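Enquirer: mind folding the following:
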Amino acid sequence: MKISASIYSDKKRNLTEVIKDLNDNQVDLLHVDCNDDLDVFNDIKIIRNLSDIPIDLHIITENPSKYYKLLEENHVEYFTFQHEQLKEPLNIPNTITGKRGIAITSKTPISIFDQYSKFDFILIMATTPGMSGGDFNTINFTKIRQFRNHYPDKSIHVDGGVTAEVSFIIRNMGVSVAVSGSYLFSSPTIGNALMNLTRREIESHFSVSDFMVPISESPKVLKNNITFQLVLESIDNGKLGFCLVLDRNNKLLGLVSNADVRKTLLNNIDDFNNLSPLELINFSPITINDNATVYEMLRLIKKCKFPILYLPVIDNKGFAKGIVTFVNLIKGEL
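Expert: Down below sits the predicted model:
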């Protein structure tokens, strides 16, 4: 996952000093906020003379058309318009280069991206746009998951409240870019903050239930009517390589993974006809409690002697609440 440094969040130094510091620490992107101010392109020209780091421009305006000529004349690698403020349609000329994004607030459904299907990414504003230092709104974990499911080929950027812990969670959820402002510049050094935003050891303020895939969206079968076909269809439709096995009350009984299917078939290679689908089930999977913190989840994973690609989430009584998967972690690093 790339870190985009919100340059105007540093209130103590001038632009030249800020850009030099970000250059020295090799930040991935320079995030430039534009609250309907055409003069921002004067700063972009200054930045271009100081740095080769890609520019990530976020424009909040009612009339985007007045920015088109400036965007043609001043190439930026990423540019985003804030959806809620628009008073005219976004008819961006093809002569404008750079990756296009649409930004939405926490209250706006991700379905609005249907209007911008040719765009490259969405920018989810996890705090109030234009306000620095706010807390990450947990509803955005759901929005990230929803967007990833509905638009798997599009990139996700997140801005607002990105701490070390939030960075780890959204990186695991497949976010491509995280914008960091107050967290980055309030740390002892930018280098220290960047290490915190990409490290694997973090303090915890969120629980697993905040960002898990809920049971309603998890691949699952009921034990009392389990068949080979139902298991294979659930695994295939879920696209995660496994499915949960539940009783009628949603109590977790076990799971079936691709590996479980393969091993069971190999162990019964000479007697397929007498094979029961119950033999596919791993009745003692590694699980995580829905109230566990991120730190506790990481400790659990490190204790395991084999790689963990997913974790069933249960409550204190053993009822299935959802899953946590790690399939997006590598994608989020690219």
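Enquirer: ok, Pro219 - contacts?
Expert: Ser234, Ile235, Asn237, Gly238, Leu240, Phe242, Cys243, Leu244 (CB atoms under 8 Å, 6 or more residues apart in numbering). In this view, the C-beta of every residue, glycine as well, is placed from N, C-alpha and C.
Enquirer: quick one: which of those sit in helices?
Expert: By the criterion of DSSP state H, membership of the contacts of Pro219 in helices covers Ser234, Ile235, Asn237, Gly238.
Enquirer: quick one, which of the residues you listed are buried?
Expert: Ser234, Ile235, Gly238 (16 or more other CB atoms under 10 Å).
Enquirer: was I right about the second one contacting Val245?
Expert: Going back to what we said before, that points to Ile235. No. The criterion here is CB atoms under 8 Å, and Ile235 misses it with Val245 at 11.4 Å.
Enquirer: so what sits against both of those two?
Expert: What both Ile235 and Val245 touch, as defined by CB under 8 Å, 6+ apart, is the set Val256.
Enquirer: before we move on, what SS does Lys166 have?
Expert: Careful, residue 166 is Val and not Lys. helix (DSSP: H, G, I helix; E, B strand; the rest coil).
Enquirer: right, and Leu230 touches Val221 too?
Expert: Yes. Leu230 lies in contact with Val221 (CB under 8 Å); the separation is 5.0 Å.
Enquirer: who's more crowded, those two?
Expert: Per other CB atoms under 10 Å, whichever of Leu230 and Val221 has more neighbours is Val221, with 24 against 15.
Enquirer: could I get the contacting residues of that one?
Expert: Leu230, Val231, Ser234, Cys243, Leu244, Val245, Leu246, Val256 are the contacts of Val221 under CB under 8 Å, 6+ apart.
Enquirer: what about 6 Å?
Expert: By CB atoms under 6 Å, 6 or more residues apart in numbering, the contact set of Val221 is Leu230, Val231, Ser234, Cys243, Val245.
Enquirer: assumed it was part of a helix.
Expert: No. In this structure, Val221 is strand, not part of a helix, as judged by three-state DSSP.
Enquirer: let's number from 481 now, not from 1
Expert: Sure, I'll start numbering at 481, so the last one becomes Val701.
Enquirer: now it, which residues is it bridged with?
Expert: As for beta bridges, Val701 partners with Val725 under DSSP bridges.
Enquirer: now it: how far from Leu537?
Expert: Look at Val701 and Leu537: by CB to CB, to the nearest Å, they are 48 Å apart.
Enquirer: residue ranges with poor pLDDT in the stretch 681-814 of the chain?
Expert: Scanning the stretch 681-814 of the chain for pLDDT under 70 picks out the ranges 681-684, 807-814.
Enquirer: ok, which stretches of it are strands?
Expert: For the stretch 681-814 of the chain, the strands defined by DSSP state E, counting those that start in this stretch cover 693-694, 700-702, 722-726, 732-737, 768-769, 790-794, 800-805.
Enquirer: for Asn652, state which of the ones in helices among the contacts of Pro699 is nearest.
Expert: Gly718 (17.6 Å; CB to CB).
Enquirer: how about the closest one, nearest residue that isn't a chain neighbour?
Expert: Ranked by CB to CB, 6 or more residues apart in numbering and with sequence neighbours excluded, the top spatial neighbour of Gly718 is Pro699, at 2.7 Å.
Enquirer: how far does stretch 481-490 sit from its chain's centre?
Expert: 17 Å (CA atoms, centre = their mean, to the nearest Å).
Enquirer: and the helices in the stretch 681-814 of the chain?
Expert: 688-691, 708-718, 738-747, 774-783, 809-813 (DSSP state H, counting those that start in this stretch).
Enquirer: list the buried residues for the fourth one?
Expert: Within helix 774-783, the residues scored as buried using 16+ other CB under 10 Å are Val774, Met777, Leu778, Leu780, Ile781.
Enquirer: ok, the fourth one to Asn494 distance?
Expert: What that stands for is Leu780. For Leu780 relative to Asn494 (CB to CB), the value is 47 Å.
Enquirer: ok, the spatially most central residue of the chain to Val642 distance?
Expert: Central residue of the chain (CA atoms, centre = their mean): Val655, 3.1 Å from the mean position. Plainly put, Val655 is 9 Å away from Val642 if you go by CB to CB.
Enquirer: cool, and Pro668?
Expert: Pro668 is 18 Å from Val642, by CB to CB.
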